[in-house]
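*Asks:* sequence plus the predicted model coming up.
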Amino acid sequence: MSARYTRTAQGLHWLMAALLIGLVALGLYMHELPLSPLKLQLYSYHKWAGVTAFLLVLARLAWRATHRPPVLPPGTSQAVRRAARLGHGLLYALMLAIPLSGWLMSSAKGFQTVWFGVLPIPDLVAKDAALGDLLRAVHEYLNLTLIVVASGHVLAALKHQFIDRAPILARMWPVRGRIAGTSLSTESHS
Amino acid sequence: MKYLALALLGLLPPLAHAAEFNRVQADRSSIAFSFSQMGVHMEGRFAKFASQLSFDPAAPSEARVTIEVDLASIDTGTPELDTEAAAQPWFNIKAFPVARFTSTAVTPGTGNRYTVAGKLSIKGKTREIVVPATFSAQGNTGTFAGRFTLRRGDFAIGEGPWSAFDIVANDVEVTFRLVALSQ
């Protein structure tokens, strides 16, 4: 079935989706907290998950480079093809840039990132309060951009599936044909 | 009798030529600390402390040292954490502004190594500690350096939710360097 993403690509996609939603929600929650052991703990978890997400993105890019994604359904307009390419490119760029900005911010603020409390990740920048504040703003705005672009990604998929009646979700849906697959759209046509 | 007295005098430390290091150079001395926070190495220092030292390498067991650290001078590199450190759960600086170390015995070891025993008082609690130190002299400048580990729990540094050690470790490594001139 060349019209579907590979199981690996699907697995990475949904794992990243869950991780990114969790990371954004945790990030929004934790920075409002007063200083407490819980806050320090959540910051550590956020950094560990962020490093993990970065590595998963690298794995995804490697997989994608060696496994062609399925072609878009015939009849997809040039404008939509271009928008899809731009949107996906932007998502990958953000998934790389956001953890990088978080890692650099942590270093600039004087807190080394130690993956799972065991593996120290080197500080690329020295402690610098002004740089730390700048990177914090960068991290924040990149995440706001991610929220907008990822929302667009979800809305576009839903629009293609339910308004255009193009069985697009089946390409990425792990369970064949049941919930959002071809059988659903066949039923709706009959 | 006269010879015996002279012989006894010979056993005494050569007072006239004693190179006693006792003028502490605050700007060349330092007290720093480090600890682990969920595997992350954290560092800080105290910018202000007063110390009295008298140390004659020829008579080390006569040595005395007192160090009084102005806890408000803590510098973690993060203003928010400095404020937190001053608060009641940590140092409670309003009630206990000074940490004090007073030596009780200095024992020479091998080479330039010494063992300094003394009392460390922080936040109203006093503990006997033993600190390994080295001493090196260049001309009339003597440098004491060493490090030791204290358990913050022994001094109630970090109370309430901070009293668990899973986030901020119990062990705090203190590194010191005292530079003193001889007369």
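*Replies:* Perfect, I can see it now.
*Asks:* drop to CA atoms for contacts and neighbour counts, all remaining ones
*Replies:* Noted.
*Asks:* what does chain B put close to chain A?
*Replies:* Contact residues, chain B versus chain A (C-alpha under 8 Å from any C-alpha of the partner chain): B:38-42, B:77-78, B:161-162, B:167-168.
*Asks:* now, which of these lie within helices?
*Replies:* If you go by DSSP state H, the residues of chain B next to chain A have nothing in helices.
*Asks:* nearest to chain A, of the residues you listed?
*Replies:* Set against chain A, the nearest of the residues of chain B next to chain A by C-alpha to the nearest C-alpha is B:Gly39 (4.3 Å).
*Asks:* what residues are up against the closest residue to that closest one other than its chain neighbours?
*Replies:* By the measure of C-alpha to C-alpha, 6 or more residues apart in numbering or on different chains, the closest residue to B:Gly39 outside its immediate chain neighbours is A:Gly117, 4.3 Å from it. By C-alpha atoms under 8 Å, 6 or more residues apart in numbering or on different chains, A:Gly117 lies in contact with B:38-40.
*Asks:* can you give me phi and psi for A:Gly117?
*Replies:* Geometry field for A:Gly117 lists phi and psi as phi 70, psi 10, criterion degrees, to the nearest 10.
*Asks:* quick check: it vs B:Phe33, distance?
*Replies:* To B:Phe33, A:Gly117 is 20 Å away according to C-alpha to C-alpha, to the nearest Å.
*Asks:* B:Val131 contacts B:Leu120, correct?
*Replies:* No - in this structure B:Val131 lies outside contact range of B:Leu120 using C-alpha atoms under 8 Å: 10.6 Å.
*Asks:* the two: which has the busier surroundings?
*Replies:* B:Leu120 (21 against 16; other C-alpha atoms under 10 Å in any protein chain shown).
*Asks:* helix, strand, or coil at the more buried one?
*Replies:* The local conformation at B:Leu120, judged by DSSP: H, G, I helix; E, B strand; the rest coil, is strand.
*Asks:* per-residue confidence for it?
*Replies:* Note for B:Leu120: predicted pLDDT of 98.
*Asks:* beta partners of it?
*Replies:* Beta-bridge pairing for B:Leu120 (DSSP bridges): B:Phe101, B:Arg127.
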